[in-house]
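Participant: structure for this input, please:
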Amino acid sequence: MPRKTVLAPPPPPLPPSLEESVGSAIRELRQRHGLTLAQVSEQASLSSGMLSKIETGQTAAGTDTLARIARALGVSMGMLFSKYDATGTSAQHVKKGQGMEVVRRGTKSGHTYHLLAYDQGPVKLFEPFLITMDDDSERYPTFQHPGSEFLYMLEGRLEYRCAQQIYLLEPGDSLSFPGTVPHGPERLVRCPIKFLSVIVYPQAAA
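Facilitator: Alright, predicted model coming up:
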């Protein structure tokens, strides 16, 4: 008798990327509210073409852009992430290289900010960033924000300013400070530089 060939089952489909999940949620919310691309893009100060690319997962949107889209849709920003990693648990699993690349004020060419977790509720609790820098051609802006910030150095050497004090950060070093204190990179001593930045926001008393 001829030997039967047993075919291996096809591999399971890959889960949608973060960009695809966020884009799909935006499109569903927009359609649920009976809004057109033009209406939402106008309210969010975006072009219709850019909003379309975000909805189809062709491009990533920064946190500022997502906040404007959420306001235009009348929902919390966390609703835009409701379809991402919706496994019935509160855990979020972001694979290597899949953190959302965002644009912060002062972000320059050669500097990337990857957001590693995403608040799904109405209140922003914390923001963890993986920051990479490999270009020291320009001066850096000073940041101030509510809450506290924690830095952990992974690679390179960096001079970091907090108020009038400058700290030399090397791999394994950490630095924590109130976010209201003016702070930011002062000088890239040895590139490439990579460090974690975790911002924890204050919560209103119950």
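Participant: any idea how the chain splits into domains?
Facilitator: Per automatic domain parsing, the structural domains of the chain span 18-81, 100-200.
Participant: contacting residues around whichever strand or helix holds R157?
Facilitator: Assigning secondary structure by DSSP states H and E places R157 in strand 148-162. Outside strand 148-162, the residues that touch it by Cβ atoms under 8 Å, 6 or more residues apart in numbering are 133, 142, 166-179, 181-200. Yep, even glycine has a C-beta here, placed from its N, CA and C like the rest.
Participant: could you rerun that using 7 Å?
Facilitator: 166-179, 181, 183-200 (Cβ atoms under 7 Å, 6 or more residues apart in numbering).
Participant: ranges for the helices of the chain?
Facilitator: 18-32, 37-43, 48-55, 63-73 (DSSP state H).
Participant: for the record, mean pLDDT for the first one?
Facilitator: Here helix 18-32 scores 86 as its mean pLDDT.
Participant: which elements pack onto that helix?
Facilitator: Contacts defined by 3 or more Cβ pairs under 7 Å, 6 or more residues apart in numbering; DSSP states H and E place helix 18-32 against helix 48-55, helix 63-73.
Participant: now those helices as CSV including mean pLDDT and mean neighbour count?
Facilitator: As requested, the helices and strands packed on helix 18-32 are exported to CSV (pLDDT from 0 to 100; neighbours: other Cβ atoms under 10 Å):
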stretch, mean pLDDT, mean neighbour count
helix 48-55, 91, 18
helix 63-73, 84, 18
